[in-house]
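**Student:** Attaching a predicted model along with its sequence, questions to come.
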Amino acid sequence: MNTNTYKKDFSNIGIRMLISTAAIILLQIGAQTFALTLFPKWQDNFNILLAVTMVPLYVLGFPISFALMRNKDVPTIEKHHMSAGQLVVAFLITYGLMIIGNLIGLSLTAGISLIKGSPVQNALLNVITGGSIWVTAIFTVLCAPVCEEILFRKLICDKVIKYGEGCAVMLSGLIFGLFHMNFNQFFYAFFLGCFFAFVYVKTGNLKYTILLHMVINFFGSVLGGILLQLDKTKPSTAIISAVYSLCVFGMAIAGIVMLIVKRRTMTLKPGEIVIEKRQRFKTVILNAGMALYCLVFLGIMIVQAFFS
């Protein structure tokens, strides 16, 4: 096998991800258009709108993606157990990475807002403040972690683990980050995607990444959403907000410290196929499929930030 053969492998992943994402977007647009044509009053009910958009995603969209990305003759990742203590450490690191990524995303969008003279729309913030927090929880805490971990960790990592754990981790994180299609979420989704992929390639067990994903989404979408929906005029809201903020930054600092302490032990093994260092970016990213995937989603992110 040569570099061109390797490029075809990665190009195939990019093309399949583009096709599956296009199918997801078309399903969501089609379902929303059909539903609002039949029931125009649903336009004023955020919970129904959210359901009409999300149900096609999880009932049809992700299964189509699974079918397109299904693996044939892939190596089996050796399974390892994580202790309760290791899971706690992993959660703290996850939280720290999320806060760092969120701050980067917010800083970038704040700069873009200054340039264009109006705020950049935050899709996640709109979701968690727009309707029932429990409806949101069904999709963000139950559905999203399961489907996203199957697609972005298992199916993608299993395809490229033969090129090494580092390749699997970085590609999983990049594709996952771009899939969110906005700068607010890209950076923390990239960091979390990389770390979840690291956990997966080291344990070979998706249940750990699904659990971490569920917990992190619960803290961000459910607890954070409840806080945002509290009556700001009540003195108790300020106290609750202060306690929550202290907990958030306490966990984030603990996670960053853990990441620094553990960084030397977080090694990544090479695969059965080794791509030369100077050829890695060109082979993994600068191929037709992956380059197109990155350009399309980066373009969507730029349009969303500057023109929405």
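**Tutor:** Okay, I see it. Source: prediction; values computed, not measured.

**Student:** is it true that Ile112 touches Ser118?
**Tutor:** No: using Cβ atoms under 8 Å as the test, Ile112 is too far from Ser118 to be in contact (9.7 Å). The C-beta positions use only the backbone N, C-alpha and C, and glycine is treated the same way.

**Student:** The two - which one has more neighbours?
**Tutor:** Taking neighbours as other Cβ atoms under 10 Å, Ile112 and Ser118 compare with Ile112 leading, 16 against 11.

**Student:** how about the more buried one, what does it touch?
**Tutor:** When contacts are counted by Cβ atoms under 8 Å, 6 or more residues apart in numbering, Ile112 touches 120, 183, 305-306.

**Student:** Greatest separation within those residues: which pair is it?
**Tutor:** Phe183 and Phe306 (10.0 Å; Cβ to Cβ).

**Student:** Just want to know which of those two has more residues nearby.
**Tutor:** For Phe183 versus Phe306, neighbours defined as other Cβ under 10 Å are more numerous around Phe183 (22 against 13).

**Student:** Return the distance of that one relative to Val284.
**Tutor:** 23 Å (Cβ to Cβ, to the nearest Å).

**Student:** what about the stretch 101-250 of the chain, any weak spots by pLDDT?
**Tutor:** 124-125, 127-129 (pLDDT under 70).

**Student:** What segments of it are helices?
**Tutor:** Assigned by DSSP state H, counting those that start in this stretch, the helices in the stretch 101-250 of the chain fall at 123-130, 133-137, 144-148, 156-160, 165-179, 183-203, 206-217, 224-228, 235-262.

**Student:** which one of the contacts of Ile112 is nearest Gln229?
**Tutor:** The closest of the contacts of Ile112, once distances to Gln229 are taken by Cβ to Cβ, is Val120, at 21.8 Å.

**Student:** What distance do you get for that closest one to Val59?
**Tutor:** Taking Cβ to Cβ, one finds Val120 at 31 Å from Val59.

**Student:** Neighbour count: those two, which is higher?
**Tutor:** Val120 (22 against 12).

**Student:** which ones are touching the more buried one?
**Tutor:** Neighbouring residues of Val120 by Cβ under 8 Å, 6+ apart: 109, 112-113, 183-184, 304-305, 308.

**Student:** one step back: pipe the contacts of Ile112 into JSON lines and attach distance to Ile93 per row.
**Tutor:** Converted to JSON lines, the contacts of Ile112 look like this (distance: Cβ to Cβ, whole Å):
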{"residue": "Val120", "distance to Ile93": "28"}
{"residue": "Phe183", "distance to Ile93": "23"}
{"residue": "Ala305", "distance to Ile93": "28"}
{"residue": "Phe306", "distance to Ile93": "33"}
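
**Student:** now, among those residues, which is nearest to Ile99?
**Tutor:** Phe183 (16.4 Å).

**Student:** Was I right to think the closest one contacts Gly105?
**Tutor:** Yes: with contact defined as Cβ under 8 Å, Phe183 counts as touching Gly105 (5.7 Å).

**Student:** can you list the helices of the stretch 101-250 of the chain in a markdown table and add distance to Ala90?
**Tutor:** Formatted as a markdown table, those follow (distance: least, Cβ to Cβ, whole Å):
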| stretch | distance to Ala90 |
| --- | --- |
| helix 123-130 | 23 |
| helix 133-137 | 22 |
| helix 144-148 | 14 |
| helix 156-160 | 16 |
| helix 165-179 | 14 |
| helix 183-203 | 6 |
| helix 206-217 | 6 |
| helix 224-228 | 20 |
| helix 235-262 | 9 |
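
**Student:** Please name whichever of those helices is nearest to Ala288.
**Tutor:** That would be helix 165-179 among those, by Cβ to Cβ, at 15.6 Å.

**Student:** Mind exporting the C-alpha coordinates of the closest one to CSV?
**Tutor:** The C-alpha trace of helix 165-179 is given here as CSV (Å, rounded to 0.1, in the frame of the first residue of the first chain):
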residue,chain,number,x,y,z
GLU,A,165,-4.5,6.0,18.0
GLY,A,166,-3.3,9.6,17.4
CYS,A,167,-4.9,9.6,14.0
ALA,A,168,-8.2,8.2,15.3
VAL,A,169,-8.3,10.7,18.1
MET,A,170,-7.6,13.8,16.0
LEU,A,171,-9.9,12.8,13.1
SER,A,172,-12.8,11.9,15.4
GLY,A,173,-12.4,15.3,17.2
LEU,A,174,-12.2,17.3,14.0
ILE,A,175,-15.1,15.7,12.3
PHE,A,176,-17.2,16.0,15.4
GLY,A,177,-16.3,19.6,15.9
LEU,A,178,-17.1,20.6,12.4
PHE,A,179,-20.4,18.6,12.5
